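Undergrad: my questions concern the predicted model and sequence given below.
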Amino acid sequence: SQTIHQWPATLVQPVGSPLSLECTVEGTSNPNLYWYRQAAGRGLQLLFYSVGIGQISSEVPQNLSASRPQDRQFILSSKKLLLSDSGFYLCAWGQGAYNEQFFGPGTRLTVL
Amino acid sequence: RKEVEQDPGPFNVPEGATVAFNCTYSNSASQSFFWYRQDCRKEPKLLMSVYSSGNEDGRFTAQLNRASQYISLLIRDSKLSDSATYLCVVNSFSGGYNKLIFGAGTRLAVHP
């Protein structure tokens, strides 16, 4: 069966510091991978989407970037965090025409 | 108008009650629909997929009305463990790929 891992689970970072969040998927090959952010009390916002190694689509302009160095690895990065980057970051994988997606446990980021 | 709209609740119901959540979507070309369940500070988990007019799984029934662009989720015989936020999700084709659009969620609290 497929599993999806994210780390770290929680993170507190100062404004202006860099960020690297990692997501890996097991039990499937060539998945579509997604990064979402959920602000407190808000819905999920799609940040990045990837259909394969090195293929990244950005959904909204921001100071975040994403990379996919391996088939089942998806990384979210920032060179300088802003206060507004605080939130719950979720990685998801999906396959199939209907686009069912399955989420990792998430990283709760607080920028101070 | 938001792409996916839900009543935010909260719905406070006693154990054993039947409760229904409603959701409307704006993209008439959408082909697949989902209900996710999200517990407090956890990742969303897929509850039901809805591809045709409806789907039933135990105490849960989802219905789709394409003409009215309306989806519903019915929970019968509510349990304390059903307390969570329920997310209405619509798959839309935009910018050359399928993407999930999430509603902000409806909160359910089941009490003894």
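TA: Perfect, thanks for sending it. Numbering: from 1, shown residues only, chains lettered A, B, ... in the order given.

Undergrad: give the contact list for residue A:25.
TA: A:2, A:3, A:4, A:5, A:31, A:33, A:72, A:73, A:74, A:93 (CB atoms under 8 Å, 6 or more residues apart in numbering or on different chains). Where you see a C-beta, it was placed from the backbone N, CA and C, and this is true even at glycine.

Undergrad: repeat the analysis, applying 6 Å as the threshold.
TA: Contacts for residue A:25 (CB atoms under 6 Å, 6 or more residues apart in numbering or on different chains) come out as A:4, A:31, A:72, A:93.

Undergrad: burial count for the residue lying closest to the second one once chain neighbours are set aside?
TA: Translated: residue A:31. What sits nearest to residue A:31 in space, not counting adjacent residues and going by CB to CB, 6 or more residues apart in numbering or on different chains, is residue A:93, at 4.1 Å. Residues lying near residue A:93 (other CB atoms under 10 Å in any protein chain shown) number 25.

Undergrad: look up the residues forming beta bridges with residue A:48.
TA: Listed beta-bridge partners, residue A:48: residue A:35, residue A:58 (assigned using DSSP bridges).

Undergrad: which residues touch the residue nearest to residue A:31?
TA: Applying CB under 6 Å, 6+ apart to residue A:93 gives the contacts A:4, A:25, A:31, A:33, A:102.

Undergrad: where is pLDDT lowest across the residues you listed?
TA: Lowest pLDDT of these: residue A:31, 92.

Undergrad: for that one, grab the count of nearby residues.
TA: Look at residue A:31: counted by other CB under 10 Å, it has 22 neighbours.

Undergrad: for it, what are its contacts?
TA: Contacts of residue A:31 by CB under 6 Å, 6+ apart are A:25, A:93, A:95.

Undergrad: ok, now with 7 Å
TA: A:25, A:72, A:93, A:94, A:95 (CB atoms under 7 Å, 6 or more residues apart in numbering or on different chains).

Undergrad: and for residue B:111?
TA: Taking CB under 7 Å, 6+ apart, one finds B:12, B:14 in contact with residue B:111.

Undergrad: distance check, it against residue B:47.
TA: As judged by CB to CB, to the nearest Å, residue B:111 and residue B:47 stand 21 Å apart.

Undergrad: which neighbours in the sheet does whatever helix or strand residue A:110 lives in have, and how are they oriented?
TA: Under the criterion of DSSP states H and E, residue A:110 resides in strand A:107-111. Using DSSP bridges, the strands paired with strand A:107-111 are strand A:10-13 (parallel), strand A:87-95 (antiparallel).

Undergrad: now it - C-alpha only, CSV.
TA: Listed next in CSV are the C-alpha coordinates belonging to strand A:107-111 (Å, rounded to 0.1, in the frame of the first residue of the first chain):
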residue,chain,number,x,y,z
THR,A,107,4.2,20.3,8.9
ARG,A,108,3.0,23.0,11.1
LEU,A,109,5.2,26.1,10.5
THR,A,110,5.2,29.1,12.8
VAL,A,111,7.2,32.1,11.6
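
Undergrad: may I see the buried residues of it?
TA: By neighbour count with 16 or more other CB atoms under 10 Å in any protein chain shown, strand A:107-111 contains the buried residues A:107, A:108, A:109, A:111.

Undergrad: excluding chain neighbours, give the residue nearest to the first one in space.
TA: Put plainly, it is residue A:107. Leaving out its chain neighbours, the residue that sits closest to residue A:107 by CB to CB, 6+ apart is residue A:89, at 4.7 Å.

Undergrad: how much space between the nearest residue to residue B:2 once chain neighbours are set aside and residue A:95?
TA: Distances taken as CB to CB, 6+ apart put residue B:26 closest to residue B:2, at 7.4 Å, once the chain neighbours are dropped. As for residue B:26, its distance to residue A:95 is 26 Å (criterion: CB to CB).
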